[in-house]
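In: give me the fold of what follows.
(2 chains)
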Amino acid sequence: LVPGAEQYVIDTLKWVGIEPNEGAGFGDGNFTPYRQSDRKDSYRQYAEQLLKAGFAYYAFDTEADLEQLKASHPNFKYDATTRVNGKNSLTLSENEVTLRLENNEDYVIRIKLPANEDVKFYDEIRGHVTVNTSQMDDKVLLKSDGMPTYHLANVCDDYVMQISHVIRGEEWLPSAPLHVLLYRYLGWESSMPKFAHLPIVLKPDGNGKLSKRDGDRLGFPVFPLEWTDPKTGEISSGYKQKGYLPEAVINMLAFLGWNPGTEQEIFSKEALIEAFSIEHIHKAGAKFDFEKAKWFNAEYIKKLPNEELAFLVKENVSAKFGKQDETYLTRAVSLIKERLVFLNDIELFGYLFQATEKYDSTSLSKISNIKESFNVDAFESFLQGQNSADIIAIETSLKEFAANNSIKVGDMMKFIRVSLVGELSGPAIPDLIVLLGINETNKRIRNCFNQL
RNA sequence: GGCCCGUUCGUCUAGGGGUUAGGACAGGAGAUUUUCAUUCUUCAAACACGGGUUCGAUUCCCGUACGGGCUACCA
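Out: Prediction:
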């Protein structure tokens, strides 16, 4: 049991906008309680049912016993051929078993698998799968602390809660036959859920499935929300904190191993629900592609209305550059919207909120030739006479000013750009002037001119 | 090692017995933008290999290779 994990899952589902109809943290429905720890008694009851029916047995083997058994054979597994060597209710006399139970000795309950029997089941993604019980082992169903293993818990919970589909990662495929047998032995086979084993998300580099360590090693999050391991204190970065939009994350994730069969790639959550079908799930694992993830996020940011983007970025901006007027922030954000890959990239555009103090040195050297031809005082009064809201008028006036003072338009624009932005990049000059206002613009121009 | 699952451009994938094998990301070139970003046009880029089956296989079958998963009193 990891402290904080339950709340973390709840918070994650809320962030991505997936709200379960019922469940821990989302209100009670017909199948309460939802925590395994609160259902403990029921698992024991089902384990005992299996015991009575002869599909399970007590095993008293200690850790040391198991070590010894493992040492006896290179590929040891506790199964039909080896359980005769274990200390369990199949090898011990009935008296001894009751004695051990009365003495409160530690025990587990294991499933009793037949020695050689094909278990067949149908996977909605992979089709028919057959595994022989000779390849499986007598898995522990109930641990010595009385808690069920996943195998028992998942089967019992899904049956009791009338689950229709078990959709989980491919790493569960090998234990699916065990679960099928459990449904059978418990007498629930006719209401067994359908199985679908999803392809696994793989590391972008190297081999194997994506793990939490890979993300921060390669510069992208694998956790939806930032997560601090309560035991180790290790922090794993989260999509939310990195400035991803939840809709983009969902869209990106959905396309890892699934496609709609059309060429559409941008899907809202609702459209995704509408378009989704199990038939279009790919079988092979998909490598996580950081570049594509960035592309999805940038697309979603571009589609955001300016007001919404301003709202999402507001807190960060005021923390970094001071509190901003809401309408101003909305206008500012509209100028650089298509430059954001992540919401946090707003931090790169401090010049929208604070006067530029530092100028990029190579940009500065490219504009120094304007020093002789440019008259700051003349420009200042010229700009004062402009309509501070008319972008087009300002643009034509700027060109006129340049012509009248025999300055190359390009040179002057570059100079103004460096004055306002600090370097030779960014939104159109007239847009910037209108955003910043005439006074602020003049202030920045004078300041930059003095540094030439 | 054993068992299970898989294999189409660098990556995510569409397709499916006869196709110029399609799209997206990333990459190249160009246009627009006085800059950068955006946008648009365009280029390059793939059916793992070997056998069958077939008039014809990227598509079906079998092997091989490679990749992935599992092999805990974890999920």
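In: which regions of chain A lie under the pLDDT threshold?
Out: Chain A contains residues with pLDDT under 70 at A:1.
In: residue numbers of the stretch 51-200 of chain A in contact with RNA strand B?
Out: A:61-63, A:66, A:75, A:77-78, A:106, A:108, A:126-127, A:129-132, A:135, A:137, A:139-140, A:143-145, A:147-150, A:153, A:170-175, A:199-200 (Cβ under 7 Å from any atom of the strand). In short, each C-beta sits where N, CA and C put it, glycine included.
In: what sits up against the helix or strand where A:Phe311 lies?
Out: Assessed by DSSP states H and E, A:Phe311 sits inside helix A:306-321. Outside helix A:306-321, the residues within contact range by Cβ atoms under 8 Å, 6 or more residues apart in numbering are A:245, A:301, A:304, A:324, A:326, A:329-334, A:337, A:343-344, A:346-347, A:350, A:353-354.
In: let me see the contact set for A:Arg417.
Out: A:Glu423, A:Leu424, A:Ser425, A:Gly426, A:Ile429.
In: tell me the SS of the second one?
Out: Reducing the assignment at A:Leu424 to three states with DSSP: H, G, I helix; E, B strand; the rest coil gives coil.
In: tell me, what residue is most central in chain A?
Out: Nearest to the mean C-alpha position of chain A, by Cα atoms, centre = their mean, lies A:Pro224 at 3.5 Å.
In: coming back round to it: buried among the contacts of A:Arg417? Make that a PyMOL selection.
Out: Of the contacts of A:Arg417, the buried ones can be selected in PyMOL as follows, counting by 16 or more other Cβ atoms under 10 Å:
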select buried, chain A and resi 423+426+429
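In: what about RNA strand B: which of the contacts of A:Arg417 touch it?
Out: By Cβ under 7 Å from any atom of the strand, the members of those lying near RNA strand B are A:Leu424, A:Ser425, A:Gly426, A:Ile429.
In: the nearest residue to the first one once chain neighbours are set aside and A:Asp28, how far apart?
Out: If I follow you right, that is A:Leu424. Excluding the flanking residues, the one nearest A:Leu424 by Cβ to Cβ, 6 or more residues apart in numbering is A:Ser363, at 4.6 Å. Relative to A:Asp28, A:Ser363 is positioned 62 Å away (Cβ to Cβ, to the nearest Å).
In: also A:Ser190?
Out: Distance from A:Ser190 to A:Asp28, by Cβ to Cβ: 28 Å.
In: in what helix or strand does the closest residue to RNA strand B within chain A lie?
Out: Nearest to RNA strand B in chain A, going by Cβ to the nearest atom of the strand, is A:Asn207, at a distance of 2.1 Å. Using DSSP H and E, A:Asn207 maps to neither a helix nor a strand.
In: now A:Glu265: phi and psi?
Out: As for A:Glu265, its main-chain torsions (degrees, to the nearest 10) stand at phi -120, psi -20.
In: list the contacts of it.
Out: A:Asn251, A:Phe255.
In: distance check, it against A:Met252.
Out: For A:Glu265, the distance to A:Met252 - Cβ to Cβ - is 10 Å.
In: and what of A:Lys52?
Out: If you go by Cβ to Cβ, the gap between A:Lys52 and A:Met252 works out to 50 Å.
In: so which of those two has more stuff around it?
Out: Taking neighbours as other Cβ atoms under 10 Å, A:Lys52 and A:Met252 compare with A:Met252 leading, 22 against 9.
In: does the more buried one really touch A:Lys292, like I thought?
Out: Yes. Contact criterion Cβ atoms under 8 Å: A:Met252 and A:Lys292 qualify, at 6.7 Å.
In: out of A:Ser363 and A:Asp28, which sits in the more crowded spot?
Out: A:Ser363 (17 against 11).
In: now do the same contact list for that one.
Out: A:Lys414, A:Val418, A:Gly422, A:Glu423, A:Leu424.
In: report the two of those residues separated the most.
Out: Within the contacts of A:Ser363, A:Lys414 and A:Gly422 form the most distant pair, 12.5 Å apart (Cβ to Cβ).
In: these two: which is more packed in?
Out: Using other Cβ under 10 Å, the more surrounded residue of A:Lys414 and A:Gly422 is A:Gly422, with 21 against 18.
In: OK, contacts around the residue nearest to that one when sequence neighbours are not counted?
Out: Counting by Cβ to Cβ, 6+ apart, A:Thr356 is the residue found nearest to A:Gly422 once chain neighbours are left out, at 4.1 Å. The neighbours of A:Thr356, taking Cβ under 8 Å, 6+ apart as the test, are A:Ser419, A:Leu420, A:Val421, A:Gly422, A:Arg444, A:Asn447, A:Cys448.
In: over to A:Phe290?
Out: A:Pro204, A:Leu218, A:Gly219, A:Phe220.
In: now render the residues you listed as a markdown table, adding secondary structure.
Out: What follows is the contacts of A:Phe290, written out as a markdown table (three-state DSSP):
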| residue | secondary structure |
| --- | --- |
| A:Pro204 | coil |
| A:Leu218 | helix |
| A:Gly219 | coil |
| A:Phe220 | coil |
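In: just the buried residues of the residues you listed.
Out: A:Phe220.
In: pipe the contacts of A:Phe290 into JSON lines and attach distance to A:Asn387 per row.
Out: Shown next, in JSON lines, are those (distance: Cβ to Cβ, whole Å):
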{"residue": "A:Pro204", "distance to A:Asn387": "52"}
{"residue": "A:Leu218", "distance to A:Asn387": "51"}
{"residue": "A:Gly219", "distance to A:Asn387": "46"}
{"residue": "A:Phe220", "distance to A:Asn387": "46"}
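In: what about the residue lying closest to A:Met136 once chain neighbours are set aside, how many residues nearby?
Out: Spatial nearest neighbour of A:Met136, chain neighbours left out: A:Leu113 (5.8 Å); criterion: Cβ to Cβ, 6+ apart. Using other Cβ under 10 Å, A:Leu113 has 24 neighbouring residues.
In: please report how far A:Leu113 lies from A:Ala153.
Out: 19 Å.
In: do A:Phe26 as well
Out: 20 Å.
In: between the two, who's got more neighbours?
Out: Legend: neighbour count by other Cβ under 10 Å for A:Phe26 and A:Ala153, higher for A:Ala153 (19 against 14).
In: you'd agree that one is up against A:Tyr43?
Out: Yes. Counting by Cβ under 8 Å, A:Ala153 does reach A:Tyr43; the two are 6.2 Å apart.
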